[in-house]
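Trainee: no FASTA, just this:
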C-alpha cells in the first residue's frame, strides 16, 4: 500500500469541488485572504502554543498533484478535465504569514494568514488545519506539563497511544514546548529530537530472573542506564539493581503504584545503599496535574505518554480557516473587500488582520491586540506575524531549536496567571482595535 | 523532509535497547508470545471495535531497516554494530493471530497475538499499538454514531481536526463501522472509501452574492449537489436555492444554529416549494448524542467531524502489548512458560490465550470467553482469533468491504444493551476459563 510523500490528497473533497465551480464561474482568480484562528481555547486553558508551522511549510512544498492522484480524481468523477488540468500545474504562488512557531496564542489570534487567489489558497485549507490543529493541541498540552515539572526533565513516550505518524509530530511538538527527549526514533531521525528509552517489563519477564535481566541490561547499556524496578517487588529490585550496578547506576524507573510514596521509599533506599546520584524516573498515566502533585516528591524526571499525545483532554485545537477578504476581480489592483459569515453561533470578523502582543515596561505581556488593516505597532508591542512564504517561496524555515527557545521566552513573557493549571480565563485578553 | 514509506523507525527506542541487551545476553531467540488487549473499555462504553488490522499487516510488510535508518541508529549511539547488523537482516518470521477487523471486543479480549522470537516480536510493539490504539478508538466511536443515526447516512468530515495522516486512517476506520462516506480524498484513493463534499462558506463569500455562488455551484456540479444554506439567512438561502435548482435540488446543508429547529423549518419550506425530495444534511459539532437527539427531526444525513476523529472523548483505546509466555531457550521444543508482571495497579494474566464469543440459541452473544491454553469451542461459540501472519507471510488480508459487513453482523449479534449510548457496563461479561 503506497502512501507516498505527496500531500495534495490530504485534502477534503469540497476544496476541489469549490475549485471546479469557481474555475467555471470565473471567480477562481479573485484575490483572497484566509486566516487560521481559534474562536476559543480549550475549556479553562490559559494560552495555546503555535506548533506545526515547520511541518506545514514542508507539506506546502510537497503539495503537488501527481499523475496517479489526478487519475483517481477524474476516473471517480471528483473533478472534471479542465479542473484536472489546472491541478496538474498547481503550485502555491501566494504569500503566507504566521505567528512564529513556539509562540503563544489566544482566542482569535490570526496564527496563519494565507494570501493568494481563491483557488490556490482554498486548496491548502484541509492540510493547514490538519497540521496546525494537531500540533498546536499537543504543544499546548506539553507546555503545561513542562511548567508543572518546573526544572525536571520530561520524556515524551506516547507513541504507542497515537497514530503512528501523529506520534512523530507529537514528539516534535512536545520538544518545542520544552520536553527533553522522546521515545520516538523517527522523530529523532527526521527532526533531530533527542531520543530516550531503555526497557519494558517484557525484558524482565523474558529473563530467568530480575537479576538476570538487570545484569543483561547493564552489560549491554552500561551503568548509566535506567532499570525498571516494578515488575515484581520494588524494594527487592532496587537492592538487586544497586548490588549489580554499584552506586553509579544511572536511574531507576517506577511505572505503577502511588508514585509519590514509591519515589520517597526508593529515594530512601537508594541513599541508604550509597546510590545518592541514582536518579528516579516516574511514569504511568501522568498528566500536568499528576506531575504537579509530585512536586515535593524526590523525582528526577517524568515520562508522559497518553496524556501528551491526546492533548490532555483537548486532542484538537479547534482552529478554523476562514475567508476574511477577497477582491471583486482577478487583477492585483482590485480592491479587497472584508467578508464574514453572518449566521448564528459561529460569527467571524471580516478583513485581513495584523496582531501584536502588548508588553509593559517590565517585559510582561498584558494583551493580545488584533487590528483589521495595518495598525502601527506601539514602541513595546511585539509584532506577531512573520513571513513564512513569499510568492510561493518558503522563507520561514528555522531550526527546531529556535522554536524551542522562542517558546521558553514567550511563556516567560506571560503574566503569572498563565502558569496556573486550574481552569480559568485566557492569560491575556484579546482586544480588537481599528487599523 | 523525506518521511519515507518505511515503518521500522515508527518505534520506541526501548524496543531496540531491549533487543541489544537480549542479543548480548543470549535471550533474544527465546520463543515469545505477546498479546494486545485493553484492561478496560473507555469509561461507560459498551463495546470496542477492532480496526487497523489491515493497516497493521501493510505496515509489518514494510517493516525493514533501511541503510539511512541504520546509519541514524549507529551514529547516534542508539544501537551497537552487532545490533545494527541484526536489524539490517530483520524480517518478521513469526505468526500473528488476531480478532477479525470489524469485530467487537471487550475488556481483556486478546485482539492480537504475536508469536515469534522475543527479538522479532518485541520490535513490533510500538507500531502495532500505534495503529490499533488509534484505529480502534475511532472505529469504536464511529460505531456508536452509526447506531445513533439508525438508517441515516453519516459523512466523515473530521480531516481538518486531525493529524493529516491520522485523518486518512480515521476515514478508513469510520467506514468499517458503517459511515457512508468521507471527505478525505486520500482515503478514497488508498482505501476506496467513497468520498463526498461540495462547498464551504468561503465559496459563498467569494461570490458577489449567495445567488451568484449557488448558480456557480449548480452550473459546475449539477442539480444533485448539496447547497450550504447558512452563510447569511437560511430562509432566504433555501428560497434562492430552489428558485435556481428547481425541486430536483439534491440537498441543502445546515451547519449552525439549533439543528433540530432549523431542519424542521427548512423541511417545511422545501415542501412548500415543492422540493419534497431535496434532502437535509446537518453538520456542526455533532457527536453520537447530538445525532440521537435529532432522531425525530427531518434530517436525511449527518456530517461528523471533530467528535469522530477524537474518538468522542476516548481518543486512544488504551491497548497494551504484553509478554504473556516465553520459552527457556531458543529451540522450538523448549516448553513455554506463562509470565506476568506482579506489581500493583496493572496486573496481567500470563499464558497464551484463545477466545470465543458465546452465542445463545437466538443468535445473541452473552459472554466473551477467554481461556489460557486451548479450550475446545462449544457448538455455538464463535471462535475469535484468526490467522493474520504465518511464518512471516501475510495471510489475513481482506477487502475493506468485508470488514464493514462483519462489523454490522457483529454489532447485530450483541444484546440490545450494547446499543445504549448512556454510560454503563460492557455489553458482554468477560469470563476466564481454564483451557
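Mentor: Received, thanks. Predicted, not measured: the structure shown is a model, and the values here were computed from it.

Trainee: Any idea how far stretch A:36-52 is from the middle of the chain?
Mentor: Centre-to-centre, stretch A:36-52 and its host chain are 11 Å apart (CA atoms, centre = their mean, to the nearest Å).

Trainee: Show me what counts as buried in it.
Mentor: Under the neighbour-count criterion of 16 or more other CB atoms under 10 Å in any protein chain shown, stretch A:36-52 has A:36-38, A:41-42, A:45-52 buried. Heads up, the C-betas are built off the backbone N, CA and C, glycines and all.

Trainee: Can you get me the start-to-end distance on that stretch?
Mentor: Distance between the two ends of stretch A:36-52: 13 Å, counting by CA to CA, to the nearest Å.

Trainee: ditto for stretch A:199-211
Mentor: End-to-end distance (CA to CA), stretch A:199-211: 14 Å.

Trainee: Strands along the stretch 51-200 of chain A, start to end?
Mentor: A:95-99, A:104-105, A:112-117, A:154-156, A:181-182 (DSSP state E, counting those that start in this stretch).

Trainee: if I look at the residue nearest the centre of chain A, how far off is residue B:361?
Mentor: For chain A, residue A:135 is the residue whose C-alpha lies nearest the centre (CA atoms, centre = their mean; 2.8 Å). Counting by CB to CB, to the nearest Å, the gap from residue A:135 to residue B:361 is 53 Å.

Trainee: what do you get for residue A:74?
Mentor: 53 Å.

Trainee: For the two, indicate the residue with more neighbours.
Mentor: residue A:74 (16 against 6; other CB atoms under 10 Å in any protein chain shown).

Trainee: mind listing what that one touches?
Mentor: By CB atoms under 8 Å, 6 or more residues apart in numbering or on different chains, the contact list for residue A:74 reads A:80-81, A:84.

Trainee: who wins for most neighbours among those residues?
Mentor: Comparing the contacts of residue A:74 on neighbour count, residue A:84 comes out first with 18 neighbours (neighbours: other CB under 10 Å).

Trainee: That one contacts residue A:72, correct?
Mentor: No - between residue A:84 and residue A:72 no contact is recorded; they are 10.2 Å apart, counting by CB atoms under 8 Å.

Trainee: Just the helices from the stretch 201-350 of chain A, written as ranges.
Mentor: With DSSP state H, counting those that start in this stretch, the ranges of helices along the stretch 201-350 of chain A come out as A:201-206, A:210-221, A:234-245, A:259-272, A:288-293, A:306-309.

Trainee: Dump these into CSV; add distance to chain B and mean pLDDT as well.
Mentor: Converted to CSV, the helices of the stretch 201-350 of chain A look like this (distance: least, CB to the nearest CB, whole Å; pLDDT from 0 to 100):
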stretch, distance to chain B, mean pLDDT
helix A:201-206, 4, 97
helix A:210-221, 3, 97
helix A:234-245, 7, 98
helix A:259-272, 9, 98
helix A:288-293, 14, 98
helix A:306-309, 6, 98
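
Trainee: Can you add mean neighbour count and give those back as a markdown table?
Mentor: Output for the helices of the stretch 201-350 of chain A, formatted as a markdown table (neighbours: other CB atoms under 10 Å in any protein chain shown):
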| stretch | mean neighbour count |
| --- | --- |
| helix A:201-206 | 26 |
| helix A:210-221 | 21 |
| helix A:234-245 | 19 |
| helix A:259-272 | 18 |
| helix A:288-293 | 18 |
| helix A:306-309 | 27 |
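
Trainee: Reformat those helices as TSV; add distance to residue A:140.
Mentor: Below are the helices of the stretch 201-350 of chain A laid out as TSV (distance: least, CB to CB, whole Å):
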stretch	distance to residue A:140
helix A:201-206	31
helix A:210-221	34
helix A:234-245	34
helix A:259-272	24
helix A:288-293	11
helix A:306-309	11
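
Trainee: of the ones you listed, which approaches residue B:197 most closely?
Mentor: Residue B:197 sits nearest to helix A:306-309 of all the helices of the stretch 201-350 of chain A, at 28.4 Å, using CB to CB.

Trainee: what helices or strands is the closest one leaning on?
Mentor: Secondary-structure packing of helix A:306-309 (3 or more CB pairs under 8 Å, 6 or more residues apart in numbering or on different chains; DSSP states H and E): helix A:125-149, helix A:164-176.

Trainee: out of the strands of the stretch 51-200 of chain A, nearest to residue B:253?
Mentor: Across the strands of the stretch 51-200 of chain A, closest to residue B:253 is strand A:112-117 (CB to CB), at 24.1 Å.

Trainee: circling back: restrict the contacts of residue A:74 to those near chain B?
Mentor: residue A:80 (CB under 8 Å from any CB of the partner chain).

Trainee: ok, the closest residue to residue A:113 other than its chain neighbours - how many residues close by?
Mentor: Counting by CB to CB, 6 or more residues apart in numbering or on different chains, residue A:113 lies nearest to residue A:97, which is 4.3 Å off, once chain neighbours are set aside. Using other CB under 10 Å, residue A:97 has 24 other residues around it.

Trainee: for the one 10 residues further on, same thing?
Mentor: Other residues lying near residue A:107 total 17 when counted by other CB under 10 Å.

Trainee: Next up, the contacts around it.
Mentor: A:37-41, A:426, A:430 are the contacts of residue A:107 under CB under 8 Å, 6+ apart.

Trainee: for residue A:425, same thing?
Mentor: residue A:46.

Trainee: how much space between it and residue A:208?
Mentor: Taking CB to CB, one finds residue A:425 at 58 Å from residue A:208.

Trainee: same deal with residue A:264?
Mentor: 31 Å.

Trainee: quick one: secondary structure of the closest residue to residue A:427 other than its chain neighbours?
Mentor: Excluding its sequence neighbours, the residue lying closest to residue A:427 (CB to CB, 6+ apart) is residue A:418, at 3.5 Å. Following DSSP: H, G, I helix; E, B strand; the rest coil, residue A:418 is assigned to helix.

Trainee: which residues touch stretch A:406-420?
Mentor: So stretch A:406-420 is in contact with A:46-47, A:49, A:100-104, A:139, A:143, A:147, A:176-178, A:357, A:359, A:363-366, A:382, A:424, A:427-428, going by CB under 8 Å, 6+ apart.

Trainee: so where do the helices sit in the stretch 1-150 of chain A?
Mentor: Counting by DSSP H, counting those that start in this stretch, the helices of the stretch 1-150 of chain A are A:13-25, A:53-61, A:67-75, A:81-88, A:118-122, A:125-149.

Trainee: for the fourth one, what is the average pLDDT?
Mentor: Pointing back at helix A:81-88 there. Helix A:81-88 carries an average pLDDT of 98.

Trainee: where's it relative to the chain centroid, distance-wise?
Mentor: Worked out by CA atoms, centre = their mean, helix A:81-88 lies 34 Å from the chain centre.

Trainee: Going by neighbour count, which residues in the helix or strand of chain A with the lowest mean pLDDT are buried?
Mentor: Using mean pLDDT, DSSP states H and E, the weakest-scoring helix or strand in chain A turns out to be strand A:430-434, at a mean of 91. Going by neighbour count (16+ other CB under 10 Å), the buried part of strand A:430-434 is residue A:430.

Trainee: strand partners of that strand, parallel vs antiparallel please.
Mentor: strand A:365-372 (parallel) (DSSP bridges).

Trainee: I'd like the next helix or strand past the strand it pairs with.
Mentor: strand A:382-383 (DSSP states H and E).

Trainee: So which elements touch the helix or strand following that next one?
Mentor: Sequence-wise, the next helix or strand downstream of strand A:382-383 (DSSP H and E) is strand A:385-390. Applying 3+ CB pairs under 8 Å, 6+ apart, one finds that strand A:385-390 contacts helix A:53-61, strand A:95-99.

Trainee: circling back: what's the most buried one of the helices and strands packed on helix A:306-309?
Mentor: With neighbours taken as mean count of other CB atoms under 10 Å in any protein chain shown, the helices and strands packed on helix A:306-309 reach their highest mean count in helix A:164-176, at a mean of 30.

Trainee: the inter-axis angle of it versus helix B:164-176?
Mentor: Between the axes of helix A:164-176 and helix B:164-176, defined by axes from the mean of the first three to the mean of the last three CA atoms, to 10 degrees, the angle is 140 degrees.

Trainee: near chain B at all, helix A:164-176?
Mentor: Yes - interface with chain B: helix A:164-176 contributes A:164-169 (CB under 8 Å from any CB).

Trainee: Good, we can wrap up now.
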